[in-house]
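[1] Give the three-dimensional model of this entry:
(one chain, ligands or ions: 1)
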Amino acid sequence: MTDHKLIDYYRARASEYEQIYYRDVPDRRKEIDEEADHLRQLVKGRHVLELACGTGYWTEIMAETAASIVASDISPEMIAEARGKNLRGKVSFVRSDLNRSAFAKGAFDFLALGFWFSHHPRQNYGDLFAMLIELLQEGCTAWLIDNNPPAEGPVVGSVHTDKHGNNFKHRFLDNGAEHTILKNYFTKDELRNIFAPHFRIERLTHNKYYWSAVLRGVNATGAPT
Ligand SMILES: C[S@@+](CC[C@H](N)C(=O)[O-])C[C@H]1O[C@@H](n2cnc3c(N)ncnc32)[C@H](O)[C@@H]1O
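    As a prediction, this is how the structure comes out:
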């Protein structure tokens, strides 16, 4: 179930990955900055588990207000970039496959998942949600952020769609190397329909460049945990 093509792509891209956050597009910058402000508030005093942390862009933001952060990623190159931010003290980094996540439930009260959901195969949401729900049952909040498609109409750079409805795209690294990776996009209604049967949706934003969600677990009666 672990997507090795995706892992290879991100391992190769680690040193150039953060360029995505610094493109000179004011509206895009504004969306990211607003989400960062919101996230700082959300994690205040929380014990955070971050999955697929990448270069630690959001780790660094959360470290401003969180009580502690365990940030994990499968790519040693990504973790090396994140460690380079020198987020001493409250942040620790762990190499881990999120599909085999073995983090202690009850140890965290906030779960962060930045730009991962778009890469998770649609047919495997059940496994991802089962893992999140196990953590959320302990009173945890989950925060997700991801991309909206770059333009209206057919998804730019799309190669094909598989039988599960997963979209595959070409991506090019700075050295010209070409990778084909799974990258899904969602309307706001689709996201609501995907999350609502499993979580209490506390917040769902869907802007020009990004969407984000704040999710809580629900108990058997549908009340927030
Ligand atoms: C789009 S990046 C997101 C990085 C970071 N969360 C952010 O928002 O900037 C996706 C990350 O997922 C990581 N990744 C890919 N497959 C993974 C897996 N099976 N388990 C954990 N991390 C994985 C990649 O190494 C990469 O750092």
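[2] can we go C-alpha only for contacts and neighbour counts from here?
    Noted.
[3] Please report the distance of residue 218 from the ligand.
    25 Å (Cα to the nearest ligand atom, to the nearest Å).
[4] Give the rounded mean pLDDT of the longest helix along the chain.
    In the chain, taking DSSP state H as the definition, the longest helix is helix 26-42. Mean per-residue pLDDT for helix 26-42: 97.
[5] What helices and strands are in contact with it?
    helix 57-63 (3 or more Cα pairs under 8 Å, 6 or more residues apart in numbering; DSSP states H and E).
[6] hang on, the earlier thing: buried set for the longest helix of the chain?
    Neighbour counts over helix 26-42 (16 or more other Cα atoms under 10 Å) mark 28, 32, 35, 36, 39, 40, 42 as buried.
[7] I figured the first one was touching residue 209, is that so?
    Yes. With contact defined as Cα atoms under 8 Å, residue 28 and residue 209 form a contacting pair (6.2 Å).
[8] Would you mind identifying the next helix or strand past the longest helix of the chain?
    The first helix or strand that comes after helix 26-42 along the chain, using DSSP states H and E, is strand 47-51.
[9] Just the CA coordinates for that following strand, please, in PDB.
    Coordinates of each C-alpha in strand 47-51 appear next as PDB, following Å, rounded to 0.1, in the frame of the first residue of the first chain:
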ATOM      1  CA  HIS A  47       0.900  17.900  22.100                       C
ATOM      2  CA  VAL A  48       1.200  17.500  18.400                       C
ATOM      3  CA  LEU A  49       1.800  14.500  16.200                       C
ATOM      4  CA  GLU A  50       2.600  15.600  12.600                       C
ATOM      5  CA  LEU A  51       2.600  13.000   9.900                       C
END
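[10] Tell me the strands beside that strand, with direction?
    strand 68-73 (parallel), strand 110-114 (parallel) (DSSP bridges).
[11] Would you convert these into CSV that also reports distance to the ligand, mean neighbour count and mean pLDDT?
    What follows is the strands paired with strand 47-51, written out as CSV (distance: least, Cα to the nearest ligand atom, whole Å; neighbours: other Cα atoms under 10 Å; pLDDT from 0 to 100):
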stretch, distance to the ligand, mean neighbour count, mean pLDDT
strand 68-73, 4, 23, 97
strand 110-114, 4, 23, 97
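[12] Looking at those strands, spot the one closest to residue 185.
    strand 110-114 (14.3 Å; Cα to Cα).
[13] Give me the contacts around the closest one.
    With contact meaning Cα atoms under 8 Å, 6 or more residues apart in numbering, strand 110-114 is reached by 43, 46-53, 58, 140-146.
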